[in-house]
Every structure is written in C-alpha cells, then in structure tokens.
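Enquirer: could you work out the structure for the sequence below:
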Amino acid sequence: MTQTAWSYLPNAKHINWVLASVKAHPEKWEAAYNAAYNAARIAAWNAARIAAWNAARIAARIAAYDAAFDAAYDAAYDAAWNAARDAARGAARGVAWSTADDAIVALAAYDDCAYMIESEVDELKIIAAFGDQKAALLLPACIVYNETKVLV
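Expert: Residues are numbered from 1 along each chain as shown. As a prediction, the model looks like this:
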C-alpha cells in the first residue's frame, strides 16, 4: 500500500477506509447522514464539529511547535488534511463528502475513537445522544460500516 500524508496517524487505517468507502458508496454516506442527523441534532452536531476541528488544530499546533511550528505544521498537517480532502472530494459529492470529512476530522483529532466505527449503531446513537463529540461525528461512518461490514 502506498504511503499517505496521514499514514503516521494512529487512525490512518480507518481514515483510508473512510476515503475508500465514500468513493465506493457515496449514496450510503448520504443516507447515513440523513439517518444520523435529524433537525433536533443539528445544533449539537455543529458544536461537535467545531470542537473536533479546534481539537485537531490545537493538537497539530502543539506537535508542530515542538518540531518547529511553521515547517511541521505547514508540511505535515496541511498536507495530510489537504490530501485527505482532495481524495474525498474527488470520490464523493455534497453531503457524502461533508459527512466523510467529519469522520476524518474525528479520526485525526482523537486517537482513541476508531473503535466507534465498528460499534453497534444503536449503542453509538446513545453515546452521541449524551453529547459525545466523537460519537456524533462518527455515527454516519458507523452506519455505513455496519451496512458494508468491510474495513480496508
């Protein structure tokens, strides 16, 4: 398998799965989005999304600062995110891409959340309902995984 810009991340395997899955099944990602986010959850979802993006930025800045902020941050973090986004954009469209992007953000921001993709959907819905940001962002990925049962 070719090295990716994000291959150093602990959840690289799951990020690769998200990209492959959204390319192969964009309609499942769109349906998973609709199943996961109803009107009552939009505000909570937006808060989780913003918090995850902020956590990813903070984590990247801390790591980059230790190894010369400008060089490491610009080269590693931007390259990883831009490559992941470009790959996802080329593979999917609209809601499917946005939903996959949220899963990638969660996987990059939180090292301890990959297991959520392989969880039972109803269990993850409960965790998300209690306000867990990782669960809220990964719920559509969990739905798609449980439909396809294929992890790269």
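
Enquirer: by contact count, what packs against the helix or strand containing T99?
Expert: In this structure, T99 is located in helix 94-109 according to DSSP states H and E. With contacts taken as 3 or more Cβ pairs under 8 Å, 6 or more residues apart in numbering; DSSP states H and E, helix 94-109 sits against helix 12-24, helix 26-36, helix 42-66, helix 78-91, helix 133-148. Heads up, the C-betas are built off the backbone N, CA and C, glycines and all.

Enquirer: between the ones you listed, which gets the lowest average pLDDT?
Expert: Among these, helix 78-91 carries the lowest mean pLDDT, a mean of 58.

Enquirer: distance of the residue lying closest to A35 once chain neighbours are set aside from Y33?
Expert: Distances taken as Cβ to Cβ, 6 or more residues apart in numbering put I143 closest to A35, at 5.8 Å, once the chain neighbours are dropped. Distance of I143 to Y33, computed by Cβ to Cβ, to the nearest Å: 9 Å.

Enquirer: and what of K13?
Expert: Distance, K13 to Y33, by Cβ to Cβ: 23 Å.

Enquirer: the two: who's more crowded?
Expert: Y33 (21 against 14; other Cβ atoms under 10 Å).

Enquirer: pull the contacting residues for that one.
Expert: V95, A96, S98, T99, P140 (Cβ atoms under 8 Å, 6 or more residues apart in numbering).

Enquirer: gap between the fourth one and A135?
Expert: Using Cβ to Cβ, one gets 14 Å for the distance from T99 to A135.

Enquirer: can you check V105 too?
Expert: For V105 relative to A135 (Cβ to Cβ), the value is 14 Å.
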